[in-house]
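S.K.: Generate a structure from the sequence data that follows.
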Amino acid sequence: MSRDLERYLRTDVGVPAARVEQIYNGVDAVKFRPADDGRAAIEGCPFRDPRYWLVGTVGRMDPVKDPLNLVRAFIQALQLAPAKRERMRLLLIGDGALYSEARAMLGAAGIADLAWLPGERNDVPDILRGLDCFALPSLGEGISNTILEAMATGLPVIATDVGGNSELVHHRITGELVPAADAAALARSIARLADEPVTAIAYGRAGRQRAVASFGLAGMVRRYQSLYDQALERCDPASREPTGDGPMHTESPAGPIKDRAAS
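M.R.: All right, here's what the predicted structure looks like:
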C-alpha cells in the first residue's frame, strides 16, 4: 500500500521487484468532504461554541496508535500557553485498552473538562467535519485511511513521521510531520496551528486537493483493474486443467473482473 512497505518487501523480505506492485488506498471524497459552512456541530459533543479550536483523532486506543502521546502533547501545549485553555479542546474518538488511562491522565492534569472521549462512534465523516485539526500520533502505519479521510474532509493533518505517513502528508503544505513518541514536537505543532488559522486552513485546502487528485477511489480501482488484467494476460488458457467444478471459461475475463473491482 505504500512505498515504505514496498521497500520492506524488496529489501528486508527479498521479494523480487517484478513481483511487487505498489497501489495506494483510495478515499471516498464525496462521503468525506468539508462542511458546507464552517465547522459542523458534532452530535453529543459539548464543545459547540465556534470560539473553540478542536484538535482530535479517530482510531483504536491501542499502544501502536499511541493516543497517550497525544494526551501528553495536549497537556504540554496548554503549558506552553495557558491562555489556550479558553479555546483549545481535545477529542479522542475510539475505544481500546488505553481508553481508561487516557481519561485518567487528563483528570490528573486537571483538564478532563477540556477533552471529550465518547468511545467508539459510527459517524466518523460527521465527526471529522466538526474538527479544526486532525492528529495521528501512531508509532507505526502503512497507509492510514484516517489520514486520507481527514485530508478529503479538508483538515490540516499533524502526523508522526512513520510508515507511509510522509507519502500522504506533505510537510508544511498539507500538514506537519513530527517524530514518533515526541510529545513536545507534537505539542508545538498543535499550538502553532491553533495560533495560525490561516495556515491551518491553507493546509486543509491543499490536503483536500491532494486527496481528490491522487487518492480517489476511482483511481485505486483503475490500478487494481490494470494489475488483474496484466496477471490474466500472462495466463495461458490452453494450459489450464479442468477442475470438475464446471465448464472452463476461456473468453476474456476483463468484464467480470471489472464488475467485482468496481463493487
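S.K.: And for Thr11, the neighbour number?
M.R.: Applying other C-beta atoms under 10 Å, we find 9 residues neighbouring Thr11. Using the backbone N, CA and C atoms, a C-beta is placed for each residue, glycine as well.
S.K.: And the strands in the stretch 51-200 of the chain, which stretches?
M.R.: 53-58, 88-93, 115-119, 133-136, 157-160, 175-178 (DSSP state E, counting those that start in this stretch).
S.K.: Quick one: closest of those to Val13.
M.R.: Closest of the strands of the stretch 51-200 of the chain to Val13 is strand 157-160, at 23.8 Å (criterion: C-beta to C-beta).
S.K.: Tell me the strands beside the closest one, with direction?
M.R.: strand 133-136 (parallel), strand 175-178 (parallel) (DSSP bridges).
S.K.: so which of the ones you listed is the most packed in?
M.R.: Of all the strands paired with strand 157-160, strand 133-136 has the most neighbours on average by mean count of other C-beta atoms under 10 Å, namely a mean of 26.
S.K.: which residues sit against that strand?
M.R.: For strand 133-136, contacts defined as C-beta atoms under 8 Å, 6 or more residues apart in numbering pick out 53-59, 70, 73, 128, 144, 146-147, 150, 153, 155-160, 165, 186, 190, 193-194, 200.
S.K.: what about the stretch 101-250 of the chain, any weak spots by pLDDT?
M.R.: Within the stretch 101-250 of the chain, the stretches with pLDDT under 70 are 236-250.
S.K.: Quick one: the helices in it, in order.
M.R.: Applying DSSP state H, counting those that start in this stretch to the stretch 101-250 of the chain gives helices spanning 124-129, 145-152, 165-168, 183-195, 197-214, 217-233.
S.K.: which helices and strands sit right next to the shortest one?
M.R.: Helices and strands in packing contact with helix 165-168 are listed as helix 145-152, strand 157-160; criterion 3 or more C-beta pairs under 8 Å, 6 or more residues apart in numbering; DSSP states H and E.
S.K.: In TSV, list the ones you listed along with mean neighbour count and distance to Glu21.
M.R.: As requested, those are exported to TSV (neighbours: other C-beta atoms under 10 Å; distance: least, C-beta to C-beta, whole Å):
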stretch	mean neighbour count	distance to Glu21
helix 145-152	26	19
strand 157-160	28	25
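S.K.: among the helices of the stretch 101-250 of the chain, which is nearest Leu90?
M.R.: Here helix 183-195 is closest among these (C-beta to C-beta), at 9.0 Å.
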